[in-house]
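> Please find the sequence and the predicted model below.
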Amino acid sequence: MTDRAQAIAGFIAANGWQAATTRPLAGDASNRRYLRLRMPDGARAVLMDAPADRGEDVAPFARIARHLSGLGLSAPRILAADTAQGFLLLEDLGDALFARVLEAEPGKETPLYEAATDVLVELHRHPPPAGLDPYSPRVMADMAALAFDWYLGGGPVADSPARVAFHSAMHSLLERHAPQADVLIQRDYHAENLLWLPDRAGVARVGLLDFQDAMRGHPAYDLVSVLQDARRDVPPAIESAMIDRYVAAAGVDAKAFITAYHCLGAQRNLRILGVFARLCLRDGKAHYVDLIPRVWDLLQRDLAHPALQRIAAMVAESLPAPEARVLQGLKERCTT
């Protein structure tokens with residue numbers, strides 16, 4: 001038994017779950033992993049294993065989970081914590097991820113996306129917790145430039161003229177159309193991180209996962225995240241209807257919100273292009289390359305908005321479309 005396995009066993013035993021069987025749950029792109037615990041009487045919990053020596057920290061997850069739960073939203077309850085060792089014992093919200101539910105029952109697409117949109121309306125009625133960093137225009141421009149670093153450049157590169165010009169233009173665009181940073185944004189709010197809990201009521205029917213990287217940001221950001229999903233196709237009619245639903249419920253100016261939505265969509269999709277390329281080239285996770293064409297198509301939809309003409313021209317001039325040879329080139333350079 002490894003030292004880490006011994007530490008896990010000790011944490012589980014110290015919190016009364018020593019009789020539980022364990023099995024791994026699907027992880028994500030981070031260094032965290034998850035184990036499902038099941039007691040002989042059927043009680044279940046989930047162990048988050050997030051080792052600090054691999055750059056993880058469970059404290060932000062626990063803090064945001066308690067904030068979300070305090071608003072009546074369905075984040076997992078924290079059953080036990082050892083932040084020094086990087087362990088959380090969490091309420092088990094089940095396996096009914098939106099993505100799996102929709103694979104089995106496509107007819108539920110509208111009610112599930114309505115519920116996810118309503119969660120954001122409710123969340124944005126409340127101030128974010130103190131201490132969150134702002135996802136500011138400058139930070140967002142830095143993140144969008146990852147497309148130039150990794151998708152185009154294959155790794156961190158010196159500031160080329162094209163990258164410098166793009167960063168400046170993206171920063172100016174976001175300063176003009178999406179400068180707000182006044183709500184909590186979860187940043188990975190999409191169908192693989194949302195659980196359907198139909199036995200609960202109202203906004204509590206949506207289980208929330210993977211929000212430890214929350215920041216203060218623009219109200220349109222998480223709506224973009226769920227409606228422009230890198231992992232599944234959301235019909236344009238659903239996207240349009242949910243934008244309208246949010247605008248009506250939140251009472252915001254439709255034209256300004258939709259412009260911000262597409263600016264943030266372009267920023268997010270450019271960031272994802274860079275991140276997915278980096279996950280392949282640096283981290284050896286080649287399967288993320290297969291998601292790049294969908295992200296590119298979403299990016300083109302955002303770039304079609306009139307406010308993004310300058311950014312669209314820069315992308316067209318500098319970034320290659322994800323043709324087969326481009327994707328194969330990324331995979332051939334994948335770290336093993």
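Received the coordinates, thanks.
> mind checking pLDDT for residue 1?
According to the prediction, residue 1 has pLDDT 70.
> Show the contacting residues for it.
Residues near residue 1 by Cβ atoms under 8 Å, 6 or more residues apart in numbering: residue 9. In short, each C-beta sits where N, CA and C put it, glycine included.
> Kindly report the same for the one 3 residues further on.
With contact taken as Cβ under 8 Å, 6+ apart, residue 4 is in contact with 49, 51.
> Which positions in the strand or helix carrying it come out as buried?
Under the criterion of DSSP states H and E, residue 4 resides in helix 3-14. Using 16 or more other Cβ atoms under 10 Å as the test for burial, helix 3-14 gives 7-8, 11-12.
> Same question for stretch 109-116.
So for stretch 109-116, counting by 16+ other Cβ under 10 Å, buried means 109, 112-113, 115-116.
> ok, residue 185 touching residue 213?
No: with contact defined as Cβ atoms under 8 Å, residue 185 does not reach residue 213; the gap is 9.3 Å.
> higher neighbour count, those two?
Neighbour count, other Cβ atoms under 10 Å: between residue 185 and residue 213, residue 185 has more, with 29 against 15.
> Identify the residues contacting the residue nearest to residue 236 when sequence neighbours are not counted.
For residue 236, ignoring the flanking residues on the chain, the nearest one in space by Cβ to Cβ, 6 or more residues apart in numbering is residue 301 at 8.0 Å. Shown in contact with residue 301 (Cβ under 8 Å, 6+ apart): 228, 236, 262, 265.
> can you give me how far the strand or helix carrying residue 301 is from the chain middle?
Following DSSP H and E, one finds residue 301 within helix 292-303. Centroid separation for helix 292-303 versus its chain: 17 Å, with Cα atoms, centre = their mean, to the nearest Å.
> cool, stretch 138-154 as well?
The answer for stretch 138-154 is 17 Å, by Cα atoms, centre = their mean.
> and for it, what are the contacting residues?
With Cβ under 8 Å, 6+ apart as the test, stretch 138-154 has contacts from 133, 155-157, 160, 162-163, 166-168, 170-171, 174, 178, 264, 266-267, 270-271, 273-278, 281-282, 292, 318-320, 333.
> and what of stretch 7-23?
1, 35-40, 45, 47, 49, 79-80, 82, 85, 87, 89.
> strands paired with the helix or strand following the helix holding residue 4, and their directions?
Counting by DSSP H and E, the next helix or strand C-terminal to helix 3-14 is strand 21-25. Paired strands of strand 21-25, with direction, are strand 33-38 (antiparallel) (DSSP bridges).
> quick one: strands adjacent to the helix or strand following the partner strand?
Remark: after strand 33-38, the chain's next helix or strand is strand 44-49, criterion DSSP H and E. Here strand 44-49 has these sheet partners by DSSP bridges: strand 33-38 (antiparallel), strand 87-91 (antiparallel).
> could you give the angle of the first one to helix 3-14?
Orientation note: strand 33-38 sits at an angle of 40 degrees relative to helix 3-14 (axes from the mean of the first three to the mean of the last three Cα atoms, to 10 degrees).
> starting at the chain centroid, how far to strand 33-38?
Per Cα atoms, centre = their mean, the centroid offset for strand 33-38 relative to its chain is 21 Å.
> residue contacts, residue 37?
12, 17, 20-22, 44-47, 89, 92.
> For it, which non-adjacent residue is closest in space?
Leaving out its chain neighbours, the residue that sits closest to residue 37 by Cβ to Cβ, 6+ apart is residue 20, at 3.9 Å.
> Next one: the one you found, what pLDDT does it get?
For residue 20, pLDDT reads 96.
> what about it, distance to residue 99?
To residue 99, residue 20 is 27 Å away according to Cβ to Cβ, to the nearest Å.
> repeat for residue 244
Separation of residue 244 from residue 99 (Cβ to Cβ): 24 Å.
> Same check on residue 172?
Applying Cβ to Cβ to residue 172 and residue 99 gives a distance of 36 Å.
> related to what we said a few turns ago, buried only: go through the contacts of stretch 138-154 for me.
Among those, those buried by neighbour count (16+ other Cβ under 10 Å) are 163, 166-167, 170-171, 174, 178, 264, 266-267, 270-271, 273-278, 281, 292, 318-319.
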